[in-house]
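*Asks:* Provided below for reference: sequence and predicted model.
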Amino acid sequence: GILLYERIEEKVDYIVDLQHRFLEAGHVVTVPSKTLLDLKMNVATIRRLVGSTEADAWVIQAGSSEVLQWFAGQPTPAFALAGRRRGVGIAGTGPDKIPAGQAAVRRLVELGHRRIVMLAREERRKPSPGLMERAFLDELEALGIATGPYNLPDWDDTLEGLYDRLNSLFKHTPPTALILGEVPLYLAVERHLARLGILAPGHVSLVCLDPGPAFKWFRPSVAHLHWDSRPMINRIVKWAENVARGRDERRQTFTKAQFIEGGTIGPVPDSRNG
């Protein structure tokens, strides 16, 4: 069983590759119609879905800490693909974004940015910020920038909630740089800001913490984090082979990520010139 973060992820290249590799290895793949976001990361509803789905092993994409803790405590083998897996006794893999994310923050500060905001999904902010989000705040502090709720704001985890937060941010104390946690969030933010006449990099710098296959068609090029997904897919397939042999293997691996500067970041705009 592959429990996706949200439905759009079914078309992401590495999820497609993973399903093909499973099929080639002789496994039967089940992708439930409900995703983690559909189930609101609620363990009770996830328990019901798992109980009604015929699967003898699970891959959970971008699960919250609570969700992954629950899977780790079940007799059915489970694997965390990204998500808040560190410190949880579950097999897993994913990119190590922290060094590359810190490099992005340092570059923004070098360019004069001090009002830097990261927009992250709810499970990354609550009940407390994840390691990536804490590293972002720590890096700002290390560079002499005081941090608070402004830098990692709460928002209603809906499209309308995102728009409301953006409108509020740019009405009162406009950030000069935004760091977006994933590609759909990046695209939604870039489009909404464009409707407001706010463009990158002339008015605001934008960084995405995930790679997007379509980014190669974007001009200006998108500043983002990049990594090779092939070691991750190999790791999951190998884990499935171990599960098939009855091995309870819970090792976690991490893939190095790289900051790609791109054309959506630049010097802080001169407020005198709009």
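*Replies:* Done, it's in.

*Asks:* show me what contacts V88?
*Replies:* Remark: with contacts taken as Cβ atoms under 8 Å, 6 or more residues apart in numbering, V88 is in contact with S65, L68, Q69, A72, A80. (Each C-beta comes from the backbone N, C-alpha and C, glycine too.)

*Asks:* tell me which strands and helices the worst-scoring helix or strand of the chain on mean pLDDT is in contact with?
*Replies:* Of all helical and strand segments in the chain, the minimum by mean pLDDT, DSSP states H and E falls on helix 122-125, at a mean of 92. When contacts are defined as 3 or more Cβ pairs under 8 Å, 6 or more residues apart in numbering; DSSP states H and E, helix 122-125 packs onto helix 131-142.

*Asks:* hmm, back to that, buried set for the least confident helix or strand of the chain?
*Replies:* Neighbour-count burial for helix 122-125 flags E123, R124, R125 (criterion: 16 or more other Cβ atoms under 10 Å).

*Asks:* would you list those in TSV and tack on distance to V43?
*Replies:* Output for those, formatted as TSV (distance: Cβ to Cβ, whole Å):
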residue	distance to V43
E123	12
R124	17
R125	18
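
*Asks:* Low-confidence bits of the chain, can you list those?
*Replies:* 271-274 (pLDDT under 70).

*Asks:* just the helices in it please.
*Replies:* Ranges of helices within the chain are 13-24, 43-51, 65-72, 98-110, 122-125, 131-142, 159-172, 183-195, 230-244, based on DSSP state H.

*Asks:* separation between the nearest residue to A103 once chain neighbours are set aside and P99?
*Replies:* Among residues not flanking A103 along the chain, F259 sits closest, at 4.3 Å (Cβ to Cβ, 6 or more residues apart in numbering). Distance, F259 to P99, by Cβ to Cβ, to the nearest Å: 9 Å.
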